[in-house]
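Colleague: Sharing a model prediction with you, sequence too.
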Amino acid sequence: MPRLLCLLSVLVLMPQLAWAGLDETINAATAPIASAISAVVFFKITVFGAQLPLVVLWLVIGAVFFTLRMGFVNIWGFKHAIELVRGDYSNPNDAGEVTHFQALATAVSGTVGIGNIGGVAVAVTVGGPGATFWLIAAGFLGMSTKFVECTLGVKYRNENSDGSVSGGPMYYLRRGFADRNMPGFGKFLGTFYAIGIFIGALGIGNMFQSNQAYVQLNTVTGGMFDDLGWLVGLVMAAVVFSVIIGGIKSIAAVTEKVVPFMAIFYCFFALIVIFMNGAALPEAISNIFTGAFTGEGVAGGALGALIIGFQRAVFSNEAGIGSASIAHSAVKTNEPVTEGVVSLLEPFIDTIVICTITALVIGTSAVANPGFAGDATGIAMTSAAFETQISWFPIPLAFAGMLFAFSTMISWSYYGLKGWTYLFGEAQLGQTIYKLIFCAFVALGCVVQLGPILDISDALVFLICVPNILGLYVLTPVVKRELDSYMSRIRTGEIKKFKTSKAS
Amino acid sequence: MSRVFVVAVDGSSGSERALQAAIELSKMTDAKLVLAHVIEWSPFTFHTPDELAVRHKRREEELDRAREVVLGPSKSVTEEAGITSDTVVRHGHPTETLIEIAEEASASHIFIGRKGQSKIRTLFFGSVASSLVQTSPVPITVVP
């Protein structure tokens, strides 16, 4: 291990030594590729003066279709989701296996990230309060997409020879299409997806997170870490290294335990701030509704607000990207539909609860103290909204942000790894190489501002929603059949609650 | 119907003494023993995705190990004493799961050893024996 650490530090220090040169060289070399890919993936059409990226339209149409096709499972499935998470339907003989709660919690910790705090602030600044309405609407529709994804993730997961399970879009694309007599196309889509998630994991799930965590740490300490990005990066990389390569699971275990409480703690303090701004609440809420349909002061009017709200929701809950179905696939269940139902709660918690709370914090602060944030945007704006009511809050917020970033990196390292092993097999050496690359990128994220590389990774993450949603359309009949059969067995009582049957 | 006693075993010296006490009493009352081992586990804990992926395999390993290291030796002790016994290993909350096992087996009595842990430790973490005493639906014998 010391040798690996040594290698890692060389990888990190190299860009430091060649500071000025390296950034620019990489940027110059990748910028044309990045802008070409971005131009394709985020191709925008102009509708009534608003810029609408086609990929957002693609995701929203998918979400609307799945909501209708599954008969509003996102509404009526909600109560059943809570019963499943509570374990009412869990067979006691399966005690010790991965529960619905555990699969959900892991997937949520991968999606709840810095975007829930900072990204929403950006959306509200650019899209006005009305963007909040469309954010909630998109979160609601996204629940149906998640349902389809996660049901398929469990149905077509792979049980490896060593007893572990691998699931996710690459598996359901390959095996699902093979079942429908399109093996060649399925194989192509699966491989395409695996490449996309592997590269995406290095950007959105890695460099972006470590970079934001560093920026936030630096801001809250008053610039103590200016020019020390390499040090922060090295420390972060070392911690990630110790978890994913060193096998020191306890660090991850601690984070995984702390993050849910951080989310609750964040919501709790946010509600206090909203309560303290109570007088402004009715106006803030009415702004959300009027803004949603008039789009006052927003580029592109109501449609502009809609696009920004939808885009933020998609970025945040990843519905349609397929990443979370990798985490959900580990659950122990004989009925794939159950995990689909449970996954409904994920966009709900991420977008409808946490993002909306952030939006309300900013909305009420803006009504109560216009201009509260000065020039601050993103996470600094949320931080300022808290600061006006609770002066010491930016510090725990920064701490929470670091942990959110860390848990997102751990989750995404796994998603990327699954893409990698899908492409190159389960061999140990290959996995170690991937993990080393991943750690190097953690450090790199703090050191250099590699805009174009991040753009490529962002674009690829959205590019993979093309094969993913295409697959979801083709496999919709499979999911629908599973859902109908499951629901009829619930109605006839063939599938029983274990808890009540024991009590009676 | 013959009587059934549940004995909580975990391989500790306390649990060996509990087993001895149970054997003595079952000789006198012609009772059958259920040797129960609980692996502490909660459905509401948080894990990383890689831990979840290998969980199924881990669980099998944990169960095998419990059968081999804890239940196997206890079973031979009861056999040598000429007592019939069943073994159960299960994941869950120690106290609740022991009560579940006792109810399923229609046991009339539970035997459990005492760890003899420090007062501070008990204050913070409680002890299985004392919470069992407070919640069990059947008589408990705590063996020191």
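Modeller: It's in. Residues are numbered from 1 along each chain as shown, chains lettered A, B, ... in the order given.
Colleague: just checking, B:Glu16 touches B:Gly113?
Modeller: Yes. Look at B:Glu16 against B:Gly113 with Cβ atoms under 8 Å: they come within range, at 7.3 Å. The C-beta positions use only the backbone N, C-alpha and C, and glycine is treated the same way.
Colleague: These two: which has the busier surroundings?
Modeller: Shown here are B:Glu16 and B:Gly113; by other Cβ atoms under 10 Å in any protein chain shown, B:Gly113 has more neighbours (25 against 17).
Colleague: can you pull the pLDDT of the closest residue in space to A:Gly340 that isn't next to it in sequence?
Modeller: Among residues not flanking A:Gly340 along the chain, A:Thr151 sits closest, at 3.3 Å (Cβ to Cβ, 6 or more residues apart in numbering or on different chains). Here, the pLDDT recorded for A:Thr151 equals 97.
Colleague: so where's chain B shaky on pLDDT?
Modeller: The model of chain B has pLDDT under 70 over residues B:1, B:116-126.
Colleague: can you pull the contacts of the residue of it positioned farthest from its centre?
Modeller: In chain B, counting by Cα atoms, centre = their mean, B:Pro49 sits farthest out from the average C-alpha position, at 30.4 Å. Taking Cβ atoms under 8 Å, 6 or more residues apart in numbering or on different chains, we find B:Pro49 in contact with A:106, A:110, A:326-327, A:330, A:410-411, A:414-415.
Colleague: The spatially closest residue to it that is not a sequence neighbour sits in which helix or strand?
Modeller: Closest residue to B:Pro49 apart from its sequence neighbours, by Cβ to Cβ, 6+ apart: A:Tyr414 at 4.1 Å. Secondary structure from DSSP states H and E places A:Tyr414 in helix A:394-424.
Colleague: returning to that earlier point: just list the residues touching the residue nearest to B:Pro49, thanks.
Modeller: By Cβ under 8 Å, 6+ apart, the contact set of A:Tyr414 is A:326-327, B:48-50, B:53.
Colleague: helix/strand/coil for B:Val142?
Modeller: Assigned with DSSP: H, G, I helix; E, B strand; the rest coil, B:Val142 falls in the strand class.
Colleague: Roughly how far does the closest residue to it other than its chain neighbours sit from B:Val138?
Modeller: In this structure, B:Val142 finds its nearest non-sequential neighbour in B:Ala129, 4.9 Å apart by Cβ to Cβ, 6+ apart. Distance of B:Ala129 to B:Val138, computed by Cβ to Cβ, to the nearest Å: 14 Å.
Colleague: who's more crowded, these two?
Modeller: Higher neighbour count among B:Ala129 and B:Val138: B:Ala129, with 24 against 15, using other Cβ under 10 Å.
Colleague: Output whatever helix or strand the more buried one lives in as PDB, nothing but the C-alphas.
Modeller: Using DSSP H and E, B:Ala129 maps to helix B:128-135. The C-alpha trace of helix B:128-135 is given here as PDB (Å, rounded to 0.1, in the frame of the first residue of the first chain):
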ATOM      1  CA  VAL B 128     -29.200  -8.700  26.400                       C
ATOM      2  CA  ALA B 129     -29.900 -10.600  29.700                       C
ATOM      3  CA  SER B 130     -31.400  -7.600  31.500                       C
ATOM      4  CA  SER B 131     -33.600  -6.500  28.600                       C
ATOM      5  CA  LEU B 132     -34.700 -10.100  28.100                       C
ATOM      6  CA  VAL B 133     -35.700 -10.300  31.800                       C
ATOM      7  CA  GLN B 134     -37.800  -7.200  31.200                       C
ATOM      8  CA  THR B 135     -39.600  -8.300  28.000                       C
END
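Colleague: After the helix holding A:Tyr414, which helix or strand is next? Please name it.
Modeller: Downstream of helix A:394-424, the next assigned helix or strand under DSSP H and E is helix A:428-447.
Colleague: before we move on, the earlier item: the residue nearest to B:Val142 reaches B:Arg114, doesn't it?
Modeller: Yes. Under the criterion of Cβ under 8 Å, B:Ala129 makes contact with B:Arg114 at 5.2 Å.
Colleague: so what sits against both of those two?
Modeller: In contact with both B:Ala129 and B:Arg114: B:Val142, using Cβ under 8 Å, 6+ apart.
Colleague: how about the helices in chain B?
Modeller: B:13-29, B:49-65, B:72-80, B:94-104, B:119-125, B:128-135 (DSSP state H).
Colleague: I meant the stretch 201-350 of chain A, not that one.
Modeller: A:208-220, A:229-244, A:249-276, A:281-294, A:301-317, A:323-328, A:336-343, A:345-347 (DSSP state H, counting those that start in this stretch).
Colleague: how about those, which one is nearest A:Arg180?
Modeller: Of all these, helix A:336-343 sits nearest to A:Arg180, with 16.5 Å by Cβ to Cβ.
Colleague: can you list contacts of the closest one?
Modeller: Contacts of helix A:336-343 (Cβ under 8 Å, 6+ apart): A:73, A:77, A:80-81, A:84-85, A:89, A:100, A:103-104, A:107, A:146-155, A:324-325, A:328-329, A:331, A:333, A:479, A:482-483, A:486.
Colleague: State the phi and psi torsions of B:Val9.
Modeller: phi -120, psi 140 (degrees, to the nearest 10).
Colleague: wait, I meant A:Gly223
Modeller: Here is the backbone geometry of A:Gly223 (degrees, to the nearest 10): phi 80, psi 20.
Colleague: How confident is the prediction for it, by pLDDT?
Modeller: Reading off the model, A:Gly223 has pLDDT 79.
Colleague: What about it, how many residues nearby?
Modeller: By other Cβ under 10 Å, 10 other residues sit near A:Gly223.
Colleague: cool, and A:Arg489?
Modeller: 14.
Colleague: Not counting its neighbours along the chain, what's nearest it?
Modeller: A:Ile495 (4.7 Å).
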